[in-house]
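Student: show me the folded form of this:
(2 chains)
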Amino acid sequence: MAIGSEAPVMVDVQGVSKWFGAFQVLKDISFRVKLGEKMIVCGPSGSGKSTMIRCLNRLERHDSGRIIVDGIELADNLRDLAAVRRDVGMVFQQFNLFPHMTVLDNLTLAPMRLRRLSRADAEELAMQLLKRVDIADQARKYPAQLSGGQQQRVAIARALCMKPKILLFDEPTSALDPEMIGEVLEVMIGLAREGMTMICVTHEMGFARQVADQMVFMDRGEIVEAAQPDEFFAAPRSARARLFLSRILSH
Amino acid sequence: MFRPDRLTCCDVPRHIGRKRVTANDATRIVLVLAAAGLLSGCGDTYSWGWHVISPSLARGRGNIAFLLSGIGYTVAVALCAIIISVMLGLVVALPGLSSNRVARTLSRSYVEFLRSVPMLVMVLWVYYGLPLILNISLDVFTSGVIALALCDSAFEAEIFRAGIQSIDRGQHEAADGLGLGYLDKMRFIVLPQAIRRVLPPLGNQFVYMLKTSSLLSVIGLTELTRRANELVVTEYRPLEIYSFLILEYLALILVAAAMVRWLERRMAVAEQTTAPRSNL
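Tutor: This next block holds a predicted model:
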């Protein structure tokens, strides 16, 4: 999926570093994601990829460098932060649905509070999105009554409820039983086809091959390799990426 | 004549043995045995005077009515105090969890200071001392509510702190990620879950509050204990009257505990993973 060079830059990360105490988790990270582009991030555990993606909506603060999301620089300004978070949806490894609310209420809360939709409008929107992730018949249930795959699809619908311009996925299929991974990936492929701007941390290389516009390989807090997916899978330039790929593809 | 002092173990209702013994039955048996022991355990030297609270005598009925007349104040003062103390506790707990150091210190100091004040001392200080500072007059009921609420709020704050801290970090992140502000996050996501979890200790505090309200008898609030004291002065039957008082508190607290359990059941939702799986 080629993205025209004239497309606006949605996420611009410039020389970002972050420390947890004396340990540097992110080392001088830079990349750009344009409107409609899909970036897939992979790398061994502890490589900083989750921390990196969580910096993009400031669930983690970066210590140096700049992060500009849809023209707004992430800093301590709370109003800017709220604006960025409204435009950026996030899907977590552990779903993080609100267990005391029904599926429908999980989806309608943010639109009603932040976009000031009426309950009727919010529920209509929510039902549309639940249909899209093929789970509308479960709207009145509580999260604990659903399977993992269903919960993650609800979480995706919840993120979509705020009509985000960018979706972040932090290992969305890693906590799922193998037979449920497919249904979640299918929804994500659907979103990719519709032109959503996506940044996704995942080890699902089949999915990556199918949707990625750029592949990023991280190890020990730095971006070791950034490449087109064809190049990356055919002939990774770095030894570390080769080793990583051989390990996860051989299984 | 009804002679409860003749009650022995043989008077335990016999039907209990026939059906399945539940926790409730077990409680009842223990209570009856305890009452029997209490009443038969005194030696021959004491001559009982249950007639002072015997329902079959006009004087006894009058005395019972007098003793029971304190129940309104006991319940009212405990209810008012727990409501104020829960709200106060929440207001104190939230800054205790913030990243702001000053807010944390303030919250911490409040808790440490107030939980070190003995309840009785607080009651006396509020009733006799506070009006001098504020230059107002406080009636016994208001002073009682303030004193109980202040002391208890420190414990409520600790309960809320523990409850809020027990909520998974992912819940905060999901709320933040959606763009919800701090107040919305607390109101819709964190507190509803935290309060469900701390309902048992909150119920416990209410039971404790019902009991400690007896301290207000020293400033003259005509609650259960004060009524018993007053009757003892005219009837000279402390053992019988205070035994009756114990049973009054027991009955109150059993009712309160049942209400708390009902509330817990009502608020329990499908949150537990034991909930039935969907029709997969």
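Student: which bits of the stretch 1-150 of chain A sit near chain B?
Tutor: Applying CB under 8 Å from any CB of the partner chain, one finds that the stretch 1-150 of chain A approaches chain B through A:57, A:59, A:82, A:85-86, A:88-90, A:92, A:94, A:96-100, A:109-110, A:113-114, A:138, A:141-142, A:144-147, A:150. Heads up, the C-betas are built off the backbone N, CA and C, glycines and all.
Student: now do the SS call for the residue nearest to residue B:249 when sequence neighbours are not counted.
Tutor: Leaving aside its chain neighbours, residue B:249 sits nearest to residue B:211 (6.4 Å; criterion: CB to CB, 6 or more residues apart in numbering or on different chains). At residue B:211 the chain is in helix, as set by DSSP: H, G, I helix; E, B strand; the rest coil.
Student: which residues in the stretch 151-280 of chain B form helices?
Tutor: In the stretch 151-280 of chain B, the segments counted as helices under DSSP state H, counting those that start in this stretch are B:169-178, B:182-184, B:191-212, B:224-235, B:238-267.
Student: next: the stretch 101-250 of chain A.
Tutor: Taking DSSP H, counting those that start in this stretch as the criterion, the stretch 101-250 of chain A contains helices spanning A:103-114, A:119-132, A:148-160, A:178-193, A:205-211, A:229-234, A:239-250.
Student: point out the most buried one among the ones you listed.
Tutor: helix A:148-160 (a mean of 25; mean count of other CB atoms under 10 Å in any protein chain shown).
Student: and that one, what other elements does it pack with?
Tutor: Packing contacts for helix A:148-160, counted by 3 or more CB pairs under 8 Å, 6 or more residues apart in numbering or on different chains; DSSP states H and E, involve strand A:88-91, helix A:103-114, helix A:119-132, helix A:178-193, helix B:169-178.
Student: let's see it at 6 Å
Tutor: Where contact means 3 or more CB pairs under 6 Å, 6 or more residues apart in numbering or on different chains; DSSP states H and E, helix A:148-160 is packed against strand A:88-91, helix A:103-114, helix A:119-132, helix A:178-193.
Student: which strands and helices sit next to the third one?
Tutor: Judged by 3+ CB pairs under 6 Å, 6+ apart, helix A:119-132 is in contact with helix A:103-114, helix A:148-160.
Student: same question for that helix, mean pLDDT?
Tutor: The pLDDT scores in helix A:119-132 average 95.
Student: so what touches that helix?
Tutor: A:104, A:107-108, A:111-112, A:136, A:139, A:157, A:160 (CB atoms under 6 Å, 6 or more residues apart in numbering or on different chains).
Student: low-confidence ranges in chain B?
Tutor: B:1-23, B:35-44, B:269-280 (pLDDT under 70).
Student: tell me how it divides into domains.
Tutor: Domain segmentation of chain B under automatic domain parsing yields B:4-69+B:236-246, B:72-221.
Student: need these in TSV with mean neighbour count, can you?
Tutor: Putting the domains of chain B into TSV (neighbours: other CB atoms under 10 Å in any protein chain shown) gives the following:
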stretch	mean neighbour count
domain B:4-69+B:236-246	13
domain B:72-221	18
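Student: need phi/psi at the residue in the stretch 101-250 of chain A that chain B sits nearest to.
Tutor: Ranked by CB to the nearest CB, the top residue of the stretch 101-250 of chain A for proximity to chain B is residue A:142, at 3.4 Å. Phi and psi for residue A:142, reported as degrees, to the nearest 10, are phi -90, psi 150.
Student: next one: it from residue B:180, what distance?
Tutor: 20 Å (CB to CB, to the nearest Å).
Student: where does chain A dip in pLDDT?
Tutor: Those would be A:1-5, A:250-251, if you go by pLDDT under 70 across chain A.
Student: change it to 90
Tutor: A:1-7, A:45-46, A:75-80, A:82-83, A:234-236, A:246-251 (pLDDT under 90).
Student: against the centre of it, work out the most remote residue.
Tutor: residue A:120 (28.6 Å; CA atoms, centre = their mean).
Student: distance to residue A:228 added to the helices and strands packed on helix A:119-132, as a markdown table?
Tutor: A markdown table is the format used below for the helices and strands packed on helix A:119-132 (distance: least, CB to CB, whole Å):
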| stretch | distance to residue A:228 |
| --- | --- |
| helix A:103-114 | 36 |
| helix A:148-160 | 26 |
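Student: for these, which one sits closest to residue B:187?
Tutor: Nearest of the helices and strands packed on helix A:119-132 to residue B:187, taken as CB to CB: helix A:103-114 at 9.4 Å.
Student: which helices and strands does that closest one pack with?
Tutor: On a contact count with 3+ CB pairs under 6 Å, 6+ apart, helix A:103-114 meets helix A:119-132, helix A:148-160.
Student: would you reformat those helices as a markdown table and include distance to residue B:31?
Tutor: What follows is these, written out as a markdown table (distance: least, CB to CB, whole Å):
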| stretch | distance to residue B:31 |
| --- | --- |
| helix A:119-132 | 50 |
| helix A:148-160 | 47 |
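Student: and residue 28, which helix or strand is it part of?
Tutor: You didn't pick a chain, so chain A it is. strand A:23-34 (DSSP states H and E).
Student: ah, I was thinking of chain B
Tutor: Assessed by DSSP H and E, residue B:28 sits inside helix B:23-40.
Student: after that helix comes which helix or strand?
Tutor: Past helix B:23-40, the next helix or strand by DSSP H and E is helix B:58-68.
Student: hmm, who's touching that next one?
Tutor: Residues outside helix B:58-68 that contact it (CB under 6 Å, 6+ apart): B:52-55, B:227, B:231.
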